[in-house]
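Asker: got a predicted structure here, sequence first:
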Amino acid sequence: MPIMMRALSSARCAWRSLLGAIGVGIVLAGCGGNAQPAIVTFVPTETPTAQPSPTAAPVSSAPTAPAASATPEPTRSPTTPTPGPSPTSLLAPTTTPAPFTLTATRAPTLAGLSVEYFTTDSEYVIPGDNVTLFWSVRGADRARIFRVDAEGERLFRWDVAAAGRITVATRRADRDVARFLLTAEVPGATIEQDLLIPLRCPEVWFFDPPPDACPADAGQFSAQAEQTFERGRMIWVQALDRIYVVFEDGVAPAWAQYPDEFGEGVPERDDSLAPPPGLEQPVRGFGLVWRSNPRVQERLGWATSPEIPYEGMYQSDSVEPSVATTYLRLRDGGIMALDAFEDDWEVLLPLESETPE
């Protein structure tokens with residue numbers, strides 16, 4: 001192969017040869033195992049001779065007698081040159097940059113920050129009473145104590161030393177437990193410790209056996225009335241000015257409540273309504289709720305007994321009506337539990353000693 005064509009046969013070799021030619025004129029290029037030294041000519045002075053295709057048969061030329069001192073070179077079969085390493089630009093760094101990786105950020109250590117204790121000497125307290133708290137924090141000079149509610153919201157704060165004791169008041173509205181929180185912090189770290197103090201019920205239930213929860217207040221006496229229906233009952237509580245409708249048809253909601261709006265000028269009954277034999281139309285406050293609410297009328301049906309007044313009693317386990325369970329004494333001495341959160345009800349049987357004869 002002519003020297004000039006070897007210089008043009010490989011782009012990689014030409015690149016190195018061109019750079020080398022600028023400096024010294026001749027470069028020995030390592031472009032593969034079969035590469036040969038190449039002389040780069042910037043302006044060709046000869047017309048290159050076309051080379052045969054690698055698949056074409058070799059063309060024989062007229063025999064020429066070799067010089068006496070020349071040794072004929074062995075004939076090599078055509079091979080595909082193995083590409084050498086890619087050229088390295090002189091304008092770029094020769095090292096390969098490290099791949100980009102995500103490194104997890106280490107959480108700061110507490111560096112010796114800890115709560116040695118946070119406690120009280122009271123086995124239990126009554127809501128509203130005082131309680132003494134004891135604490136010790138290691139690794140910080142100051143700390144904070146919070147009073148928190150059942151949802152964990154911080155209601156009040158005391159800034160205190162790293163160790164000590166303090167007497168604070170519980171809240172009268174607290175039930176089940178009084179909640180306190182101790183916190184301490186240093187740059188880059190915070191530590192917290194809860195303290196739950198059992199509360200004794202400030203009131204007692206008016207019936208036995210009592211529920212697990214504490215009553216929100218003392219039991220209240222009230223004039224009440226009760227009437228049974230084909231599929232449920234109505235209970236009027238004068239002190240609450242409320243009528244409770246209890247359904248026994250297995251459909252939710254299982255009970256409802258309405259204000260007692262019966263008063264002067266309101267008819268006691270609807271004479272156009274004729275109950276089936278043996279059944280009754282409810283009157284007065286019960287009748288007004290029954291006639292004004294077709295759904296109540298449909299679910300309850302007709303009354304099966306007259307309205308019967310009696311001395312009742314009621315009590316609740318929460319001051320929030322939407323989550324409270326209200327307990328009503330029934331005419332026969334049972335206790336009706338109306339659960340507002342679950343929209344359900346049940347009858348609790350009193351102890352035999354309190355069951356009226």
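Answerer: Everything's here; your move. Numbering: from 1, shown residues only.
Asker: please name the nearest non-neighbouring residue to residue 269.
Answerer: Of all residues not flanking residue 269 in the chain, residue 283 sits nearest, at 4.8 Å (CB to CB, 6 or more residues apart in numbering). C-beta here means a position set from N, CA and C on the backbone, and glycine is covered the same way.
Asker: that should have said residue 141, apologies.
Answerer: Nearest one to residue 141, counting by CB to CB, 6+ apart, is residue 162 at 5.7 Å.
Asker: so what's the residue nearest to residue 269 up against?
Answerer: With contact set as CB atoms under 8 Å, 6 or more residues apart in numbering, residue 283 has these partners: 268-269, 307.
Asker: before we move on, what about residue 174?
Answerer: Residue 174 sits next to 127, 199 when contact means CB under 8 Å, 6+ apart.
Asker: got the contact list for the host helix or strand of residue 245?
Answerer: Element membership for residue 245 (DSSP states H and E) is strand 242-247. For strand 242-247, contacts defined as CB under 8 Å, 6+ apart pick out 231-237, 253-260, 285-286, 289, 296, 299-300, 328, 336, 338, 345.
Asker: where's residue 163 relative to residue 133, distance?
Answerer: Distance of residue 163 to residue 133, computed by CB to CB, to the nearest Å: 12 Å.
Asker: with neighbour numbers in mind, choose between the two.
Answerer: Between residue 163 and residue 133, residue 133 has the larger neighbour count (other CB atoms under 10 Å), namely 21 against 13.
Asker: sticking with the more buried one, tell me its helix or strand.
Answerer: Per DSSP H and E: strand 130-138 holds residue 133.
Asker: buried stuff in the helix or strand just after that strand?
Answerer: Next in sequence after strand 130-138, counting helices and strands by DSSP H and E, comes strand 142-148. For strand 142-148, a neighbour-count test (16 or more other CB atoms under 10 Å) marks 143, 145-148 as buried.
Asker: pLDDT and distance to residue 186 for these - can I get that in TSV?
Answerer: Compiled in TSV, those are given as follows (pLDDT from 0 to 100; distance: CB to CB, whole Å):
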residue	pLDDT	distance to residue 186
143	97	11
145	97	18
146	97	18
147	95	24
148	94	22
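Asker: looking at the residues you listed, which is nearest residue 178?
Answerer: residue 147 (7.9 Å; CB to CB).
Asker: ok, the closest residue to that closest one other than its chain neighbours - how many residues close by?
Answerer: Spatially, and ignoring its direct neighbours in sequence, residue 147 is nearest to residue 156 (4.4 Å; CB to CB, 6+ apart). Counted with other CB under 10 Å, the neighbours of residue 156 add up to 12.
Asker: state the helix or strand in which residue 156 lies.
Answerer: strand 154-161.
Asker: the helix or strand following that strand pairs with which strands?
Answerer: Sequence-wise, the next helix or strand downstream of strand 154-161 (DSSP H and E) is strand 163-169. In the sheet, strand 163-169 lines up against strand 130-138 (antiparallel) (DSSP bridges).
Asker: show the average pLDDT along the partner strand.
Answerer: Mean pLDDT, strand 130-138: 96.
Asker: now it: buried residues?
Answerer: 131, 133, 135-137.
Asker: can I get the buried residues of strand 142-148 in JSON lines including distance to residue 178?
Answerer: Shown next, in JSON lines, are the buried residues of strand 142-148 (distance: CB to CB, whole Å):
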{"residue": "143", "distance to residue 178": "19"}
{"residue": "145", "distance to residue 178": "12"}
{"residue": "146", "distance to residue 178": "12"}
{"residue": "147", "distance to residue 178": "8"}
{"residue": "148", "distance to residue 178": "9"}
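Asker: ranges for the helices of the chain?
Answerer: 3-8, 11-23, 284-292, 294-300 (DSSP state H).
Asker: if we can go back for a sec, the strand holding residue 156 vs strand 142-148, what angle?
Answerer: Orientation note: strand 154-161 sits at an angle of 160 degrees relative to strand 142-148 (axes from the mean of the first three to the mean of the last three CA atoms, to 10 degrees).
Asker: strand partners of strand 154-161, parallel vs antiparallel please.
Answerer: Its sheet considered, strand 154-161 pairs with strand 142-148 (antiparallel) by DSSP bridges.
Asker: with adjacent residues omitted, what lies nearest to residue 279?
Answerer: residue 302 (3.7 Å).
Asker: please apply the same query to residue 210.
Answerer: The nearest residue in space to residue 210 (CB to CB, 6+ apart) is residue 204, at 7.2 Å.
Asker: so for the closest residue to residue 138 other than its chain neighbours, what's the pLDDT?
Answerer: Closest residue to residue 138 apart from its sequence neighbours, by CB to CB, 6+ apart: residue 114 at 5.0 Å. You'll see residue 114 listed with a pLDDT of 93.
Asker: would you agree residue 114 is in contact with residue 191?
Answerer: Yes. Between residue 114 and residue 191 a contact is recorded at 6.6 Å, counting by CB atoms under 8 Å.
Asker: give me the common contacts of those two.
Answerer: Shared contacts of residue 114 and residue 191 (CB under 8 Å, 6+ apart): residue 137.
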